[in-house]
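1. Okay, here's the prediction I keep looking at, along with the sequence it came from:
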Amino acid sequence: MNKDRKTNLISFLIILFGFILTTGLVAFRVIDEYTAQILTIGGINVIIALGLNLISGFTGQLALGHAGFMAVGAYTTAALIMKLNVPIFPAILAGGLVSAVFGLLIGLPALRLHGDYLAIVTLGFGEIIRVIMVNLSDITGGPAGLKGIPPFTTNFFWRPVLSFALVYIFLVLVIIILNNLINSSPGRAIISIREDEIAANAMGINVFYFKIFAFTLSAFIAGLGGGIYAPFFGYLNPNMFNFQKSVEFLIIVVLGGMGNITGTVLAGFGLTYLQEILRFLKDYRLVIYPLILVLMMLFQPAGLMGFFGNKGFSLTRFVREFNPKKIFRMKNPGKAGEK
Amino acid sequence: MTVLKAENISILFGGLKAVSNFNLELKAGELVGLIGPNGAGKTTIFNILTGVYTPTSGSILLQGRNDSLQNVTKFQPYQITGLGMARTFQNIRLFKNLTVLDNVRIATHFNTKYTIFHSILRLPAFYKEEQRIKRRCKELLKIFDLEQKSDELAKNLSYGEQRKLEIVRALATNPHILLLDEPAAGMNPQETQDLMELIKFIKEKFNLTILLIEHDMNLVMGICQRIIVLDYGQVIAQGKPAEIAKNPRVIKAYLGKENENDA
Amino acid sequence: MGVIQQILQQTLNGLALGGIYALLALGYTMVYGIVKLINFAHGDILMLGAFAGYFVLNYFGVTPGTLVLSFIISMPVCAIIGILIEKICYKPLRDSPRINALITAIGVSLFLENGARVLPVIGPNPRVFPTLPSVTHNLFGLGISRVQILVFIITIGLMIILNYIVNYTKIGRAMRAVSFDQGASSLMGINVDRVISFTFALGSALAAAAGILFASSYPQVEPYMGIMPGLKAFIAAVMGGIGSIPGAMLGGFILGVAETLTKGFISSQLADAFAFGFLIIILVVKPTGILGKPVGEKV
């Protein structure tokens, strides 16, 4: 058990080091503002895609409305900040919670049944939430959108640094939550549902409960992503959260490999960056994306990470297998607190 | 003491009566065989008993963890497993893409003594319980000689090993009643012989009551204390192996047909 | 106009719209019945069918004769597209996890929509669909347009033909057998691949007809026109009991009437939301649908 704590502590130090390093690079403008912005958007995309990966990749239930959950989170956070002067952090969490409530309400009827109803119901949810956003113009600004959401800070110098740092922290938290969940007994229960629902049920797994749990947590994470997005971007419009956006998250999950956390992280940043490069393609992008989905499913269903044995990268495993004592020359790391 | 009681269960599939007025009473520690020609409704009965199908009529009483019979007719499969009745599947339903160890660990889930919060926060209870689970699963795998394969994917096991893993997985749910659906299907005579010994062994070791479906007559006659014969969804005979072997109705309905089917 | 007459008028309009949904729902239900896949691309076949009809009518001009011709050309074209989609995209995934096939279906659907959008001959902008001059007849005091009459004739005609094919022909028997038990059908010497191809062809041809009727009713065509009818037809199929052919017909008509009544008396903006509300209610109250039979997965 001591070894576990040691590994965890070292992982924590690596994460902390990465945080100081990257935020420092942004602060000193070694990473320019434009790149920092792409990284921040990339981080938000990864957070939401990780949420989607939980329900579609790990639990095996296709969800097609994560842009909708993102929208719920974004508008909730924006409304709380703007109308009720709630501080940013609780507002972002509230965005996640409201989104989770929506997830629960949708999941209860759709996940009760065997079959692919969740796909259709979430697809419908994604469309309807937009209609509602357009009609709730008091809170959402209607079709014209919601302008002037206060940013994390108005200071010109600190703004990109703070945005980036915040996304980094949330991203790391989401990864830790997912990783710890998946590599545990409830996580194995969730994966068993994807593998064989009937067998899982017969082995004592409450399939419905875990599907609901995974979907609600997934919606929460997507809402969190939306909540960060609102003050970062400063402007919201119902059409930002269309079906195309939901599909982009799905592409990230599929490219990274369903049920592969590392893959989602890499694919999320990669695709966000690629999107910037491929701007000149305009509408043709819309043809390339679905083509990627079909080709991946036909020829590389394990995702790009599948080329590397599909094990996924695990920081804790990395630390454990690289014999931390030799690398870090630590004598008594067990005493310090855990993360 | 009765541990499982099925009273007058019938089930209709699109107007067809797949099982009609089936009665069963299992006493603690019994080893009962359920036989009958293909399509007689044996697996359907398993599916009804374990909650996969809800019977059209009739009721099922199961001894729970607290020694009293309770009505489980409308229970979900996971609830029935939770009360201590586990099963294997005729058409092997392992979690193919997961490791052997994970297959077994999943079956221990509902006995796991930590919550989602323990696992997310990696509290000490998590590590302790994970170690206990792992130790217990390895012990079970060892009984079936699968311990050294625990890191292999289930789909890479041989057919016989997969059948054995199905049993290990069911045992990991900590049952007091075990339903085995054709555990020896696809095994050669030697493997079947070994399996018979194993079934006897685990029955004693874990204090099990076993109901098994099997086509291999040597196995059924060799280990079952009582046999129930099913044809067209109805019980046509039951009794000791020696009586069943001599029963003319069974020979006509079952053994005669069996030869045709095997041809 | 009195309220009762208004209700009757909206019901009539709803039946016409519902006929189109029903044609589309039939494709969903047949495909689901046989390969257990929600074919998300089905709504886009409607779009392709409408465009095929658009090109025919634009080229030859609109007369009753060319209108018939548009069906004769559009339906086989879409049938072939349907077969190709199945052969290229779905067939290789038959033994994969269901979520993979579903993702592929989503990909195919978006590919067709966005592909049409970038295709120079179609493009992103809506175009006016050529129709015969609109004439409204009087039926017991209710107005019924020529397009609506066309919708009724075509939908009912096609349903009768479909009913004949499914119930009285060899291939229809094979379809029913495959949807009942694919493995056993294959053992009985049924060419399962051919039956699946035929099912996609049949469903796509019906979708094409629905496309021309839908485009004539509104009258316009654009690349994303298939999405909402596609979703609603799916809801109709679930409502009727997915896998059930009479169920899909019934579900289509019910959903069409519900939609026009919602639009006429409650809110036109929320009509789509109501359709999904319907779906949720069905899933909660009677997930097997009105005419569906509970089918347990084989264990």
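-> Arrived safely, thanks for sending. On a predicted model such as this, the values are computed, not experimentally measured, just so you know.

2. Isn't residue A:229 up against residue A:72?
-> No. Using C-beta atoms under 8 Å, residue A:229 makes no contact with residue A:72, being 11.6 Å away. Every residue, glycine included, has its C-beta placed from N, CA and C.

3. Return the set of buried residues in the host helix or strand of residue A:296.
-> According to DSSP states H and E, residue A:296 maps onto helix A:284-299. By 16 or more other C-beta atoms under 10 Å in any protein chain shown, the buried positions in helix A:284-299 come out as A:285, A:286, A:287, A:289, A:290, A:291, A:293, A:294, A:296, A:297, A:298.

4. residues near the residue in the stretch 101-250 of chain C positioned nearest to chain B, how many?
-> Per C-beta to the nearest C-beta, residue C:180 is where the stretch 101-250 of chain C lies closest to chain B, at 9.5 Å. Using other C-beta atoms under 10 Å in any protein chain shown, residue C:180 is surrounded by 13 other residues.

5. again, but for residue B:240
-> Applying other C-beta under 10 Å, I find that residue B:240 has 12 neighbouring residues.

6. Residue C:205 is in contact with residue C:77, isn't it?
-> No. Assessed by C-beta under 8 Å, residue C:205 is found out of contact with residue C:77, at 9.1 Å.

7. out of the two, which sits in the more crowded spot?
-> The neighbour comparison of residue C:205 against residue C:77 (other C-beta under 10 Å) goes to residue C:205, with 25 against 19.

8. Can you read off the pLDDT for the more buried one?
-> Residue C:205 is assigned 97 on the pLDDT scale.

9. near chain C, which residues of chain B show up?
-> Selection of chain B residues close to chain C by C-beta under 8 Å from any C-beta of the partner chain yields B:14, B:43, B:47, B:52, B:53, B:89, B:93.

10. just checking, what packs against the helix holding residue A:296?
-> When contacts are defined as 3 or more C-beta pairs under 8 Å, 6 or more residues apart in numbering or on different chains; DSSP states H and E, helix A:284-299 sits against helix A:243-256, helix C:98-118.

11. Could you dump those into JSON lines with mean neighbour count, mean pLDDT and distance to residue B:112 added?
-> What follows is the helices and strands packed on helix A:284-299, written out as JSON lines (neighbours: other C-beta atoms under 10 Å in any protein chain shown; pLDDT from 0 to 100; distance: least, C-beta to C-beta, whole Å):
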{"stretch": "helix A:243-256", "mean neighbour count": "24", "mean pLDDT": "94", "distance to residue B:112": "28"}
{"stretch": "helix C:98-118", "mean neighbour count": "23", "mean pLDDT": "94", "distance to residue B:112": "27"}
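
12. out of these, nearest to residue A:197?
-> Checking those against residue A:197 by C-beta to C-beta gives helix C:98-118 as the closest, at 10.5 Å.

13. is any part of the closest one close to chain B?
-> No. Under the criterion of C-beta under 8 Å from any C-beta, chain B is not reached by helix C:98-118; the shortest gap measures 13.0 Å.

14. List the contacts of stretch C:117-125.
-> A:283, A:284, A:286, A:287, C:51, C:55, C:116, C:222, C:223, C:224 (C-beta atoms under 8 Å, 6 or more residues apart in numbering or on different chains).

15. Need the nearest residue in space to residue A:207, chain neighbours excluded.
-> Closest residue to residue A:207 apart from its sequence neighbours, by C-beta to C-beta, 6 or more residues apart in numbering or on different chains: residue A:201 at 5.0 Å.

16. burial count for the closest residue to chain C within the stretch 51-200 of chain B?
-> In the stretch 51-200 of chain B, no residue comes nearer to chain C than residue B:52, which is 5.2 Å away by C-beta to the nearest C-beta. Per other C-beta under 10 Å, the neighbour tally for residue B:52 reads 20.

17. Surely it forms part of a strand?
-> No. In this structure, residue B:52 is coil, not part of a strand, as judged by DSSP: H, G, I helix; E, B strand; the rest coil.

18. Hmm, residue A:202 and it touching each other?
-> Yes. At 7.5 Å, residue B:52 counts as touching residue A:202 under the criterion of C-beta under 8 Å.

19. As a check, name the ranges of all helices in the stretch 151-300 of chain A.
-> Taking DSSP state H, counting those that start in this stretch to define them, one finds helices in the stretch 151-300 of chain A at A:158-182, A:185-195, A:197-202, A:207-233, A:243-256, A:261-277, A:284-299.

20. Any buried residues in the first one, and which?
-> Buried residues in helix A:158-182, counted by 16+ other C-beta under 10 Å: A:159-168, A:170-172, A:174-182.

21. so how far is it off the chain centroid?
-> Centroid separation for helix A:158-182 versus its chain: 10 Å, with C-alpha atoms, centre = their mean, to the nearest Å.

22. before we move on, what about the fifth one?
-> On the basis of C-alpha atoms, centre = their mean, helix A:243-256 sits 11 Å off its chain's mean C-alpha point.

23. swap in the shortest one?
-> Offset of helix A:197-202 from its chain centre (C-alpha atoms, centre = their mean): 28 Å.

24. Roughly how far does the residue of the stretch 101-250 of chain C closest to chain B sit from residue C:34?
-> Distance of residue C:180 to residue C:34, given as C-beta to C-beta, to the nearest Å: 10 Å.

25. likewise residue B:192?
-> 39 Å.

26. And what about residue B:8, helix, strand or coil?
-> Per three-state DSSP, residue B:8 ends up strand.

27. Let me know the pLDDT of it.
-> Predicted confidence (pLDDT) for residue B:8: 93.

28. What residues does the spatially closest residue to it that is not a sequence neighbour make contact with?
-> In this structure, residue B:8 finds its nearest non-sequential neighbour in residue B:58, 4.2 Å apart by C-beta to C-beta, 6+ apart. Shown in contact with residue B:58 (C-beta under 8 Å, 6+ apart): B:6, B:7, B:8, B:9, B:10, B:21, B:22, B:73.
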